[in-house]
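> Need the 3D shape of this:
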Amino acid sequence: MIIEIAGHAFTAVFEERKSPKTCAIFRKAMPFAGEIVHVRWSGEGVWIPLGDRDFAVEYEDATSYPAPGQILLYPKGKSETEILIAYGCVRFASKAGTLAGNHFATITSDLDKLREIGVATLWEGKKSILFKA
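Predicted coordinates for the structure are as follows:
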């Protein structure tokens, strides 16, 4: 999978073995376009707020502490649906408290550039994102 953020292309892999249902649902939604904004409570990450969107998937391989490059889908619950991308230290949370999201993909290239874009999102604001096969 290719993920384009602010004009930069990253290579990523689906975590099929750990989150097969989430991967299948997300593949069906691709190409998936949106905008990232910097997280408010979680640390060094960006997120795509998705409101009431329902991917109709349960928790699988859920974590609150993703490593840099890991991508989580929070499938609705005590907070809105969202996708989180860690670029540094993250403790996934919302105004409702700690969350856990399905780790369904991992960026495998240019993590230094991902950090650069993450920090720029903090200081400059939202950036475009596109997930494609």
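
> Show the contacting residues for the most centrally placed residue in the chain.
Centroid-nearest residue in the chain, with C-alpha atoms, centre = their mean: residue 84, separated by 2.9 Å. Applying C-beta atoms under 8 Å, 6 or more residues apart in numbering, we find residue 84 in contact with 39, 42, 45-47, 66, 71-72, 74, 90, 92, 101. Any C-beta I mention is one placed from the backbone N, CA and C, and that applies to glycine too.

> Assess the claim that residue 102 and residue 76 are in contact.
No: between residue 102 and residue 76 there is no contact under C-beta atoms under 8 Å: 11.4 Å.

> if you count what's nearby, which of those two comes out ahead?
Neighbours were counted for residue 102 and for residue 76 using other C-beta atoms under 10 Å; residue 102 has more, 27 against 17.

> Now the more buried one: which helix or strand?
strand 101-107 (DSSP states H and E).

> Not counting its own residues, what contacts the following helix or strand past that strand?
Sequence order places helix 111-124 as the next helix or strand after strand 101-107, per DSSP H and E. Residues from elsewhere that reach helix 111-124, judged by C-beta under 8 Å, 6+ apart: 5-6, 8, 10, 36-38, 44-46, 68-69, 85, 87-88, 107, 127.

> Right, I'll leave it there.
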